[in-house]
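[1] Give me the fold of what follows.
(one chain, ligands or ions: 1)
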Amino acid sequence: MPRLAIAPEVPRDLDALDRLLRRDAVVALRRFLLNTTSAPHPERVRNTRDARVATLRLADRHRGVVVRQRDVYWMLAVLPDADAWSFAQRHRFSVNSAIGVAEIWDADALDRVEPALRRAAGNSEWRLFAHVCDTDLLGLGVDADLIPLLRLITTDVALDALEPLLPESQYAPLAVLGQGGSIADAWRALDTRVAVPAPSVDVTDLVSALERTPDRAVFIPDPGTLDRVLGAPHWCTFLYPTQHRLAHQDLYQGPVLVTGGAGTGKTLVALHRAGHLAHAGAGRVLFLTFSQKVADDAAAKLDLLVDDAEVRARIEVGNVDRLAHRVVAEAEGRPPLLAGRSDLATLWQEASEIAGDPHGPAFLLREWEQVILAQNLCTVQEYLVADRPGRSVGLDEEQRTAVWKAIEHVTERLRATGRRTLLQLAAQASTLLGRTTGDLLGDDGPRREPYRHIVVDEAQDLHPAQWRLLRAAVPPAANDLFIVGDPHQRVFDTRVALSALGIKVETHHLTISHRLSHEILAWGVRLRGGNAADGLVDGVVDLVGFRSIHPGARPAVREYASREAELTGLVTHVRAWLAEGVPAEEIAVGARTSEYVRGARTALGQAGISVRVSTLHGLKGLEFRRVALIGVAEGVVPAPETLTPADEDPTARAHDLQRERGLLYMACMRAAERLYLSYSGRASPFLPP
Ligand SMILES: Nc1ncnc2c1ncn2[C@@H]1O[C@H](COP(=O)(O)OP(=O)(O)OP(=O)(O)O)[C@@H](O)[C@H]1O
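    Alright, predicted model coming up:
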């Protein structure tokens, strides 16, 4: 029985065919898998560079190009006859001797480039790789046939020009060496191409290499899998090597944290991890994300990713507030009541009157959330001796006692009315679980931790009380917590290192954005200021190495004379996008204030345009082809009412500004293809010049 593996181009090639041709090609592939008498058979192609290459006739004047080893056929493309033959003749295939992945070479193009490199080198004595000997190059898996060509290269520009012609596992270490990096640096770059580590490499064994190259080959055991792979989006089947390795590693000894910039695939890795754990079947998996909207999105993606209903049923998707709510409701036998926004505002106002100057409502709320709830301080004695990280205004004993009393007023009033805030609920839920939990994995009877694995997306915004809840909801054991997040996109005031909460993580980092174009990414990094960000990790995460691999249009920033003109400009832009054929659900409009949001909704509604319009916060965790942000003006972004006065607490103000900047950055980073920003009056001080 032949075995089929397909490259990511095959579903795309099939989708590009007309309907009947595609249908015939898929039928032929099914026959091939089932080895029926009418199945297409491999036909040799004359003058190939690789004797293993053949074609399969799949439909009228269309063929699949395959590389055959033993019973395995690796299909690379489905093309019209002439193109398929030419593809078969141009390419050769190898196994990387260092990391054992399969490589595809456009050998024809490399042959053609050689004279140009020779000419460019001219009489120059200088060679880019003069400092690296052949043995080191071979040790890094560089193909022996490539080395003579490399010896002609004089500049990194010439090396860059070769990039599209080289397998990534070849180019990655060479790019590092070309920039003067060490052999160790080159190894690190090569390591990003490893999805499945190879204990030893047999360069003649292409089949094993394909099993280690999941971004280039997926094995199709039966027609059912064929239909699923052909119908699913690319990310369901073909993770990039680092993404694959992180998601599919069988055993992590304890919690894992994956950080990475916007669009590096953290959510996809987290989804695949949840699927992997559910397949392993050791117990229930909770996939947690930020809001219900994002959770619904994640649930829909999991439905696509995990086709076995029994396995899918092991994964619950939700957000941390819902979890807290449920735990408390179960314990108390009825749903807890939540404190309303305006009640809270009144209570904090009353509290500030009790505390007296200079401790206004915002100061007290911060003190409660960031010091008292963050450290789970339950008595004034604990508070009197507690550290107050991130709070630059010192409080002596007398002031702390007054602040405690004022805050107690709020908590007492809430208690008296039977109401709680979401953070209180999280704190209470973790206490409830903590009381009843033990070792789920032990033999001594069932325990109360509701889950065996928790996967957390958008982790940068979780509060310590919520982390404590998560820690209590899963037993400390291998594969317990898998956490992904980006501290640069934090939009709330939670800057806690996981280690400070007793969650010791093994950390990994993703650097390549698959969503953003070069232009949007580079502009966004300038907006963010390129500074390192704290939170989640010990120390800081920086943006070094954060890069995109596809070009696009520069973000457009437009100034208008008035708000009305700005809204007219918005309508014109969105209408033009729709006219270009961008589906309405791929367009989002965002603004910092609900007033701007209402204005945009009305203006677009009157123009008969229905696209998503939300606050900047509402865009968190989502992705769109086109994003328009309006009201990016001074006095609006940053929102003045959210900033602590500098004379009250300069550190808190700096944090507020950073949070507001992070919010605008996060919103900009939702745009895969086009980003448009507008303002009237003066531009937001965050916009790069
Ligand atoms: N393996 C992949 N195959 C196809 N597309 C991918 C892959 N990895 C990432 N992408 C693209 O990049 C986008 C971003 O992925 P994802 O949402 O997982 O990133 P993220 O790191 O969670 O982003 P953010 O932090 O900005 O929310 C995906 O929607 C997809 O378009």
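
[2] Strands of the stretch 401-550 of the chain, start to end?
    For the stretch 401-550 of the chain, the strands defined by DSSP state E, counting those that start in this stretch occupy 419-420, 453-456, 481-485, 506-510, 512-513, 533-535, 537-541, 547-548.

[3] And for the stretch 201-350 of the chain?
    Secondary structure of the stretch 201-350 of the chain (DSSP E, counting those that start in this stretch): strands located at 218-220, 256-260, 285-289, 315-319, 337-338.

[4] out of the ones you listed, which comes closest to residue 267?
    Across the strands of the stretch 201-350 of the chain, residue 267 has its closest neighbour in strand 285-289 (7.9 Å, C-beta to C-beta). (C-beta placed from N, C-alpha, C; glycine too.)

[5] between that closest one and strand 481-485, how many degrees?
    20 degrees (axes from the mean of the first three to the mean of the last three C-alpha atoms, to 10 degrees).

[6] In its sheet, which strands sit next to strand 285-289, and in what direction?
    Paired neighbours of strand 285-289 in the sheet (DSSP bridges): strand 315-319 (parallel), strand 453-456 (parallel).

[7] touching the ligand at all, it?
    No: applying C-beta under 6 Å from any ligand atom, one finds strand 285-289 separated from the ligand by no less than 9.9 Å.

[8] Counting neighbours, what do you get for the residue of the stretch 51-200 of the chain found nearest the ligand?
    With C-beta to the nearest ligand atom, the shortest gap between the stretch 51-200 of the chain and the ligand falls at residue 195, namely 11.0 Å. Counted with other C-beta atoms under 10 Å, residues neighbouring residue 195 total 23.

[9] Would you check that it makes contact with residue 215?
    Yes: if you go by C-beta atoms under 8 Å, residue 195 and residue 215 touch, sitting 6.6 Å apart.

[10] where do the contact lists of the two overlap?
    Contact criterion C-beta atoms under 8 Å, 6 or more residues apart in numbering; residues shared by residue 195 and residue 215: 239, 241, 244.

[11] Among the residues you listed, which are located in helices?
    241, 244 (DSSP state H).

[12] Buried members of the shared contacts of residue 195 and residue 215 into ChimeraX, please.
    Selection of buried members from the shared contacts of residue 195 and residue 215 for ChimeraX, criterion 16 or more other C-beta atoms under 10 Å:
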select :239,241,244
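
[13] Would you mind trimming the shared contacts of residue 195 and residue 215 to those in range of the ligand?
    The subset of the shared contacts of residue 195 and residue 215 within reach of the ligand, by C-beta under 6 Å from any ligand atom, is residue 239.

[14] now, which of the shared contacts of residue 195 and residue 215 sits nearest the ligand?
    Nearest to the ligand among the shared contacts of residue 195 and residue 215, counting by C-beta to the nearest ligand atom, is residue 239 at 4.6 Å.

[15] distance of the closest one from residue 272?
    With distances taken as C-beta to C-beta, to the nearest Å, residue 239 is found 6 Å from residue 272.

[16] got any residues that touch both of the two?
    Both residue 239 and residue 272 are in contact with residue 247, where contact means C-beta under 8 Å, 6+ apart.

[17] Which residue, other than its chain neighbours, is closest to residue 263?
    Once flanking residues are discounted, residue 263 sits nearest to residue 515: 2.7 Å by C-beta to C-beta, 6 or more residues apart in numbering.

[18] Who are the contact partners of the one you found?
    By C-beta under 8 Å, 6+ apart, the contact list for residue 515 reads 262, 263, 623, 669, 672.

[19] Which one of the residues you listed is nearest to residue 183?
    Taking C-beta to C-beta as the measure, residue 183 sits nearest to residue 263 out of the contacts of residue 515, at 30.8 Å.

[20] Now do the same contact list for that closest one.
    With contact set as C-beta under 8 Å, 6+ apart, residue 263 has these partners: 513, 514, 515, 516, 548, 623, 669, 672.

[21] What pLDDT does the model give it?
    What the model reports for residue 263 is a pLDDT of 94.

[22] what about it, distance to the ligand?
    4 Å (C-beta to the nearest ligand atom, to the nearest Å).

[23] on that earlier part again, identify the farthest-apart pair in the contacts of residue 263.
    So, the contacts of residue 263 by C-beta to C-beta: farthest apart are 548 and 623, at 14.1 Å.

[24] out of the contacts of residue 263, which is most surrounded?
    Neighbour tally across the contacts of residue 263 (other C-beta under 10 Å): the maximum, 31 neighbours, falls on residue 516.

[25] looking at it, it is touching residue 672, isn't it?
    Yes: the criterion here is C-beta under 8 Å, and residue 516 meets it with residue 672 at 7.0 Å.

[26] Tell me how far residue 583 lies from residue 625.
    Residue 583 is 8 Å from residue 625, by C-beta to C-beta.

[27] Same question for residue 2.
    Distance, residue 2 to residue 625, by C-beta to C-beta: 39 Å.

[28] picking up where we left off before, out of the strands paired with strand 285-289, which gets nearest to residue 617?
    Residue 617 sits nearest to strand 315-319 of all those, at 13.9 Å, using C-beta to C-beta.

[29] which residues are in contact with the closest one?
    Under the contact criterion C-beta under 8 Å, 6+ apart, strand 315-319 has outside partners 274-275, 278, 284-292, 294-295, 298-299, 302, 306, 451.

[30] Mind checking which of those are buried?
    Using 16+ other C-beta under 10 Å as the burial test, the contacts of strand 315-319 include 274-275, 278, 284-291, 294-295, 298-299, 302, 306, 451 as buried.

[31] List the ones among those that fall in helices.
    274, 275, 278, 294, 295, 298, 299, 302.

[32] Pick out the lowest-pLDDT one from those.
    Ranked by pLDDT, these bottom out at residue 294, which has 88.

[33] if I read this right, it contacts residue 461, doesn't it?
    No: assessed by C-beta under 8 Å, residue 294 is found out of contact with residue 461, at 11.3 Å.

[34] Which pLDDT does the model give the residue lying farthest from the centre of the chain?
    In terms of distance from the mean C-alpha position of the chain, residue 123 ranks first, at 47.4 Å (C-alpha atoms, centre = their mean). Listed pLDDT for residue 123 reads 78.

[35] what about it, distance to residue 103?
    To residue 103, residue 123 is 33 Å away according to C-beta to C-beta.

[36] that older thread, got the strands of the stretch 401-550 of the chain as CSV, with distance to residue 70 and mean pLDDT columns?
    Formatted as CSV, those follow (distance: least, C-beta to C-beta, whole Å; pLDDT from 0 to 100):
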stretch, distance to residue 70, mean pLDDT
strand 419-420, 64, 94
strand 453-456, 37, 96
strand 481-485, 36, 96
strand 506-510, 35, 93
strand 512-513, 34, 92
strand 533-535, 50, 69
strand 537-541, 45, 67
strand 547-548, 39, 86
